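Asker: quick one, structure for this:
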Amino acid sequence: MLARLYLRASTDEQDASRARADLEAFAAEKGLRVAAAYVENESGAKLARPELFRLLGDCKPGDVLLIEQVDRLSRLTAADWARLRAELDARQVRVVALDLPTSWMLAAPADDFTGRMFAAVNGMMLDVLAAVARKDYDDRRRRQAQGQAKAKAEGRYTGRPEDAKRNAGIAEMLAKGMSWSQIQATAGCSRATVAKIAKRVAA
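Answerer: The predicted structure is shown next:
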């Protein structure tokens, strides 16, 4: 059985590969062969994540999508989560998360009946944890907005400083005609950052 590791962090400043050793250790313990690792710095609240969909495109029926926590896969709205679940189900991908013990059963061979039972239980738990992850995301965004509004009212809010040196480098790479994927890899930034600089350069 093949495992494909999905490692995500929300911002460029976070280490998306942080949990790789834990995922590899789990795979070894369960007798899974790691086919590849897919790493990206994108928000879990976005469905459009290139590395996630590259992973899904590489998957064969029965492959395991291995994640550290369910919120690494999804902080999506209910509608976007339903779309992602449909994609996972259509490709017959097994989602196994280190923080979801009920999913660990999917990392082992099972007869048809047992496999269907495990998949049903795990699917229900995935839905619950995906909803919790989205609620946590919405709550944090609301608290952040409230804090920023208060700081602005008191004249204390300045926002996050821009990485001018990195952004100048991105603009230079865009001018040279490098692809966005090449720029992401070189600058260690998200696709959203490249898009922001590209829009600025084109203005």
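Asker: isn't Leu100 right next to Asn122, touching?
Answerer: Yes - applying C-beta atoms under 8 Å, one finds Leu100 in contact with Asn122, separated by 7.3 Å. In short, each C-beta sits where N, CA and C put it, glycine included.
Asker: helices and strands around the helix or strand of the chain with the lowest mean pLDDT, which ones?
Answerer: Least confident helix or strand, the chain: helix 112-153 with a mean of 86, by mean pLDDT, DSSP states H and E. Identification of packing neighbours for helix 112-153 by 3 or more C-beta pairs under 8 Å, 6 or more residues apart in numbering; DSSP states H and E yields helix 70-73, helix 78-90, strand 94-97.
Asker: contacts only, for Pro109.
Answerer: Listed by C-beta atoms under 8 Å, 6 or more residues apart in numbering, the contact set of Pro109 reads Met1.
Asker: mind pulling the model confidence for it?
Answerer: The score at Pro109 is 78. That number is its pLDDT.
Asker: my guess is Ala37 meets Ala16, correct?
Answerer: No - the pair Ala37 / Ala16 is not scored as a contact, 10.0 Å apart, by C-beta under 8 Å.
Asker: now the common contact residues for those two.
Answerer: Looking at what touches both Ala37 and Ala16 (by C-beta under 8 Å, 6+ apart), the common residues are Leu7.
Asker: looking at those two, which has the bigger crowd around it?
Answerer: Of the pair Ala37 and Ala16, Ala16 is the one with more neighbours under other C-beta atoms under 10 Å, namely 20 against 17.
Asker: now the more buried one, nearest residue through space, not along the chain?
Answerer: Closest residue to Ala16 in three dimensions, ignoring its sequence neighbours and counting by C-beta to C-beta, 6 or more residues apart in numbering: Ala9, at 3.8 Å.
Asker: tell me which residues touch the residue lying closest to Ala133 once chain neighbours are set aside, please.
Answerer: For Ala133, ignoring the flanking residues on the chain, the nearest one in space by C-beta to C-beta, 6+ apart is Asp71 at 3.8 Å. By C-beta under 8 Å, 6+ apart, the residues touching Asp71 are 44, 129, 133, 136-137.
Asker: buried ones only from these, please, as a PyMOL command.
Answerer: In PyMOL, a selection of the buried entries from the contacts of Asp71 looks like this (16 or more other C-beta atoms under 10 Å):
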select buried, resi 44+129+133+137
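Asker: any chance of the contacts of Asp71 in JSON lines, with distance to Ala82 too?
Answerer: Shown next, in JSON lines, are these (distance: C-beta to C-beta, whole Å):
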{"residue": "Gly44", "distance to Ala82": "16"}
{"residue": "Leu129", "distance to Ala82": "15"}
{"residue": "Ala133", "distance to Ala82": "15"}
{"residue": "Asp136", "distance to Ala82": "19"}
{"residue": "Tyr137", "distance to Ala82": "17"}
